[in-house]
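>>> need coordinates for the following:
(2 chains)
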There are 2 protein chains.
Amino acid sequence: MPSFKQSEHKLLLIPGPVECHDDVLLANAHPSMSHVSPAFAPSFAYCIKALRKVLYASTAQPFIIAGSGTLGWDLVAANLIEAGQNALVLNSGYFGDSFAECLETYGAKVTQVKAPVGGRPSLEDVEAALKKDKYAVMTFTHVRSTKAASEIRCGAAPPIATGVLSDAKALGELVKRVSPETLVILDGVCAVASEEIHQDDWNIDVVVGASQKGLSTPPGVSITTVSIKALKVLENRKTPVASYFANYKRWLPIMQSYENLTPAYFATPPVNLIYALEASLKQITEGSPSLEERFQIHREASKKFKKAAEELGFKQVATEPEAAANGMTAVYVPEGIAPPALVGALGSRGIVIAGGLHKDIKTKYVRFGHMGVSVHPSRNDVDVMIKGLQDAVAEVKHQSA
Amino acid sequence: MPSFKQSEHKLLLIPGPVECHDDVLLANAHPSMSHVSPAFAPSFAYCIKALRKVLYASTAQPFIIAGSGTLGWDLVAANLIEAGQNALVLNSGYFGDSFAECLETYGAKVTQVKAPVGGRPSLEDVEAALKKDKYAVMTFTHVRSTKAASEIRCGAAPPIATGVLSDAKALGELVKRVSPETLVILDGVCAVASEEIHQDDWNIDVVVGASQKGLSTPPGVSITTVSIKALKVLENRKTPVASYFANYKRWLPIMQSYENLTPAYFATPPVNLIYALEASLKQITEGSPSLEERFQIHREASKKFKKAAEELGFKQVATEPEAAANGMTAVYVPEGIAPPALVGALGSRGIVIAGGLHKDIKTKYVRFGHMGVSVHPSRNDVDVMIKGLQDAVAEVKHQSA
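Residues are numbered from 1 along each chain as shown, chains lettered A, B, ... in the order given. Take a look at the predicted model:
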């Protein structure tokens, strides 16, 4: 008798983990391989190189480490700022609060610029803060073009994830202009591979990511890409890195060695997940549609879904719709509909969506994911989600009528 | 065209990662599931409960966290000892050095009791050390019955892994007798599920483990089980835990919540790997042979392989053969045979073994793994390994003759 039976699979349309392509799942089921096998090293090297492409980061150093996305905060806090130094956190909710707490754990002095629900700290406020004091790092959550700086990290259960894109480009340029020594840290856990991030051009020193969002890989891999400038800051630290496992100095030679196809050891990497990541990155960087088209497809899918949701009476949490995230949608449910009933009605239709996170409004809104392989032209997940939502709304309204 | 092709699979007989059962690989290929899905929680709960069985730990709290086995050292060092407190490290090589370094990273004052290559610190030396000073924690690497205290952690590339079992039981009792407040930390990364560990009875406060060794699951999960006593030490800390991700205080409510079938969130768990771990733990704790028989099978497989290797002129690194590890064998290669040639000759026969780690002797010995599913009666991996070794030795000797 098999010791395992896969449980019934519903279409997973939350802001991560997201659906994985069958090839990615097959890769994750790779028979055991030695982490120091010459046959495995090319897969590790491939992932390192492909991540640079995804982030338009020609020289940054990707770190691929077993862990949750959250480990990326520790990596930043333990390596790129020293106890007693200042950190500026642009905060629009749960993930901002948490990143601040993580920085404080390692002794940073945190100043926050807070945003209203669904909104963003203004560039003026950020500029004023940057001019007031000297910061070793400035952290914020993703990005799009020119409008809103806020929260797009959309992890999981507790507060926030309101589906708003921050203006990474403008923030990167702002720091370069008024505080060039400050390292710019972008929490892109919910943005990598679903939103365009030009790490080089936008003056972003670290992008914090994870495997289970736009990269359409199972969870368990922390991905951070670190600029040369940030690596120099690391090299010139006056105090030792205050972590053993989350120590870039230990991982840097390992990543460089694997990239040169020579396996090296500090701690055992998540071999199967790296095969899975390789399979997904191959689709993302070499497949059709192209990387650029892929970002465009995310934008179109997002637009299509948001429009359909609005027609059903849902209202976006993002206060500036043109700054809404492209990989997810956070919407207030229409009057008379209880979020749990809606989540249940979709569940009975084989579709899994997520409840709210932001503490001030968590019982009032729901979240949908539309990123990674789910928006690929070979699938119709977004249409299924729209149809499911229409039917679910009709059912729930009918019940409460 | 598929974006991924599994590479040729050779029989992986290193001291971890080890072979996985097909059911475990299938579980690892589970379609994406939400980490907060009520359908996923029972799998997480199952793993927590089954780990207690594997370690004969009725009340200890298992922590299942995305990360390498090495993360377990940070968990101990950041949570169970405070900066300025003393740690006693029983050190027989690479992993002892590293654990000491990890403890120092978090501010512990480390005293080491060192063992000679292949040997163990004597119980007398340990007792003398314990009486000399007050230690918050004492760390050592696994265990068997009554003979040798030394190194069994057998991870990967750099130094040591000499296949020697320490005497966990005697060490636990010794601490209880002469220094009852000291927490006993067993680095069992290479021992969990391949060697008997009676956490409760032996007075072990923390067992540090990982998924990819005796648990026959792909790498990427840090597993630590923590006694009630150690959790009280955590609760009564005077200083905050010096890590954000590796903070037991944040993970404790999550583990308790999943065990009660209520998903909770701190950081996204490695969902697929937890399904894989569940599948393997089901075989280990509910399958045939029983858990007790499984340990016996490991002992028999070990004896059989070691005898065959000795007949070929290999000499065990362990200086007390009755204290040799049961999940792996470290042996000096016979005169006239170069380890790389031997590794290559086995590789060409479809068998992957590992080179040496211990810095003093690394070019002189090789390591074989025989743990987890590889020793299951339904397979003949050990016989294949013995036959392969015989043929490889004949080939290499012939070449150099």
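>>> can I get the CA coordinates of the helix or strand hosting A:I284 in PDB?
Counting by DSSP states H and E, the element that carries A:I284 is helix A:271-286. C-alpha atoms of helix A:271-286 as PDB (Å, rounded to 0.1, in the frame of the first residue of the first chain):
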ATOM      1  CA  VAL A 271      18.600  19.900  -4.100                       C
ATOM      2  CA  ASN A 272      15.100  19.000  -5.400                       C
ATOM      3  CA  LEU A 273      13.700  22.500  -5.000                       C
ATOM      4  CA  ILE A 274      16.700  23.800  -7.000                       C
ATOM      5  CA  TYR A 275      15.900  21.300  -9.800                       C
ATOM      6  CA  ALA A 276      12.300  22.600  -9.600                       C
ATOM      7  CA  LEU A 277      13.400  26.200  -9.700                       C
ATOM      8  CA  GLU A 278      15.600  25.400 -12.700                       C
ATOM      9  CA  ALA A 279      12.700  24.000 -14.500                       C
ATOM     10  CA  SER A 280      10.600  27.000 -13.800                       C
ATOM     11  CA  LEU A 281      13.300  29.500 -14.600                       C
ATOM     12  CA  LYS A 282      13.900  27.800 -17.900                       C
ATOM     13  CA  GLN A 283      10.300  28.400 -18.900                       C
ATOM     14  CA  ILE A 284      10.500  32.000 -17.600                       C
ATOM     15  CA  THR A 285      13.700  33.000 -19.300                       C
ATOM     16  CA  GLU A 286      13.900  30.800 -22.400                       C
END
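>>> next structured bit after it?
helix A:291-311.
>>> by how many degrees do that following helix and helix A:271-286 diverge?
90 degrees (axes from the mean of the first three to the mean of the last three Cα atoms, to 10 degrees).
>>> so is helix A:291-311 next to chain B?
No. Helix A:291-311 stays clear of chain B (Cβ under 8 Å from any Cβ of the partner chain), getting no nearer than 13.7 Å. Just so you know, the C-beta spots here come from the backbone N, C-alpha and C atoms, and that holds for glycine as well.
>>> only the buried residues of that helix, if you could.
Within helix A:291-311, the residues that count as buried by 16 or more other Cβ atoms under 10 Å in any protein chain shown are A:291, A:294-295, A:297-299, A:301-302, A:304-306, A:308-309.
>>> redo those as TSV? Include pLDDT.
Formatted as TSV, those follow (pLDDT from 0 to 100):
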residue	pLDDT
A:L291	97
A:R294	97
A:F295	96
A:I297	97
A:H298	97
A:R299	95
A:A301	97
A:S302	96
A:K304	98
A:F305	98
A:K306	97
A:A308	98
A:A309	98
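>>> which phi and psi does A:E195 have?
Phi and psi for A:E195, reported as degrees, to the nearest 10, are phi -120, psi 140.
>>> swap in A:H21?
The phi/psi pair for A:H21 (degrees, to the nearest 10) is phi -70, psi 150.
>>> OK, contacts around it?
Counting by Cβ atoms under 8 Å, 6 or more residues apart in numbering or on different chains, A:H21 makes contact with A:S216, A:A279, A:S280, A:Q283, A:V373, A:H376, B:S3.
>>> outside of stretch A:294-312, which residues touch it?
A:193-196, A:214, A:284, A:289, A:316, A:321, A:324-327, A:329, A:331, A:334, A:368, A:370-371, A:374-377, A:382, A:385-386, A:389-390, A:393.
>>> buried ones among the residues you listed?
Among the contacts of stretch A:294-312, the ones that count as buried (16+ other Cβ under 10 Å) are A:193-196, A:214, A:284, A:316, A:324-327, A:329, A:331, A:368, A:370-371, A:374-376, A:382, A:385-386, A:389, A:393.
>>> contacting residues for A:F40?
A:M33, A:S34, A:P263, A:V271, A:I274, B:S7.
>>> how far away is A:A246 from A:A279?
Counting by Cβ to Cβ, to the nearest Å, the separation of A:A246 from A:A279 is 27 Å.
>>> distance check, A:S37 against A:S7.
Between A:S37 and A:S7 the distance, using Cβ to Cβ, works out to 32 Å.
>>> same question, A:F295
33 Å.
>>> strands - which of the buried ones among the contacts of stretch A:294-312 land there?
Taking DSSP state E as the definition of strands, the buried ones among the contacts of stretch A:294-312 contribute A:Q316, A:T329, A:V331, A:F368.
>>> which pair in those spans the largest distance?
Spanning the widest gap among those are A:Q316 and A:F368, at 11.2 Å by Cβ to Cβ.
>>> anything in contact with each of these two?
A:A309, A:T329, A:V331.
>>> where does the prediction get shaky in the stretch 101-250 of chain A?
Filtered on pLDDT under 70, the stretch 101-250 of chain A yields the residue ranges A:143-164.
>>> what about the strands in it?
Applying DSSP state E, counting those that start in this stretch to the stretch 101-250 of chain A gives strands spanning A:109-114, A:137-141, A:183-187, A:206-210, A:221-226.
>>> nearest to A:L26, of these?
Of all the strands of the stretch 101-250 of chain A, strand A:221-226 sits nearest to A:L26, with 17.2 Å by Cβ to Cβ.
>>> enumerate the residues of the stretch 251-400 of chain A near chain B.
Taking Cβ under 8 Å from any Cβ as the criterion, the stretch 251-400 of chain A approaches chain B at residues A:263-273, A:275, A:278-280, A:282-283, A:286-287, A:352, A:354.
>>> separate out the buried members of these.
Buried, going by 16+ other Cβ under 10 Å: A:263-273, A:275, A:278-280, A:282-283, A:287, A:352, A:354, out of these.
>>> can I get stretch A:37-50 as CSV, trimmed to CA atoms?
Taking C-alpha atoms only, stretch A:37-50 is exported to CSV below (Å, rounded to 0.1, in the frame of the first residue of the first chain):
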residue,chain,number,x,y,z
SER,A,37,27.6,16.0,-7.6
PRO,A,38,29.1,17.4,-10.7
ALA,A,39,25.8,16.5,-12.4
PHE,A,40,23.9,18.8,-10.0
ALA,A,41,26.1,21.8,-10.1
PRO,A,42,24.9,23.0,-13.6
SER,A,43,21.4,23.2,-12.3
PHE,A,44,22.5,25.4,-9.4
ALA,A,45,24.6,27.5,-11.8
TYR,A,46,21.6,27.9,-14.1
CYS,A,47,19.4,29.2,-11.4
ILE,A,48,21.9,31.8,-10.3
LYS,A,49,22.3,33.1,-13.9
ALA,A,50,18.7,33.0,-14.7
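>>> now do the buried residues in that stretch.
Buried residues in stretch A:37-50 (16+ other Cβ under 10 Å): A:S37, A:F40, A:A41, A:S43, A:F44, A:A45, A:Y46, A:C47, A:I48, A:A50.
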